[in-house]
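Student: Fold the stuff below for me.
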Amino acid sequence: MSTAASDVYKRQFLSVVRSEKSFGFLRSVNRLCVSMSRQKKCLIVVGNKDFFTTQKAKEEVSGLYNFAKLCESDGV
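Tutor: Residues are numbered from 1 along each chain as shown. Have a look, this model is predicted:
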């Protein structure tokens with residue numbers, strides 16, 4: 001995401017499938033914000049939702065945790 005930080009796309013994929021043990025770069029609020037805010041129409045997040053709705057996720061990547069909970073409450 002760093003090289004495309006200023007680019008805006010109609011659809012954005014955020015792949016978090018290799019994040020089963022650690023949240024890695026997603027712990028950086030700035031990088032998480034960039035990765036989740038550069039689409040015009042659709043953000044597609046691919047990964048294990050159960051991992052992003054844990055207490056650890058709430059503490060380390062609250063933005064992604066809140067996004068997962070929002071999707072869950074909307075039935076997505």
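Student: For the rest of this, base every contact and every neighbour count on C-alpha atoms.
Tutor: Fine.
Student: Tell me, how many residues neighbour residue 32?
Tutor: By other Cα atoms under 10 Å, the residues close to residue 32 number 18.
Student: Correction: the previous question concerned residue 54.
Tutor: One way to gauge burial is a neighbour count; for residue 54, by other Cα under 10 Å, it gives 12.
Student: So which residues of the chain form helices?
Tutor: 29-36, 55-60, 62-73 (DSSP state H).
Student: Compare the ones you listed and say which comes out lowest on pLDDT.
Tutor: Least confident of the helices of the chain, judged by mean pLDDT, is helix 29-36 with a mean of 84.
Student: who's in contact with the residue nearest to the spatial centre of the chain?
Tutor: Residue closest to the average C-alpha location in the chain (Cα atoms, centre = their mean): residue 64, at 4.6 Å. Contacts for residue 64 (Cα atoms under 8 Å, 6 or more residues apart in numbering) come out as 32, 52, 57.
Student: The same query, at a cut-off of 10 Å, please.
Tutor: For residue 64, the contacting residues are 26-27, 29, 32-33, 36, 45, 49, 52-53, 57-58, 70, by Cα atoms under 10 Å, 6 or more residues apart in numbering.
Student: Cool, thanks, talk later.
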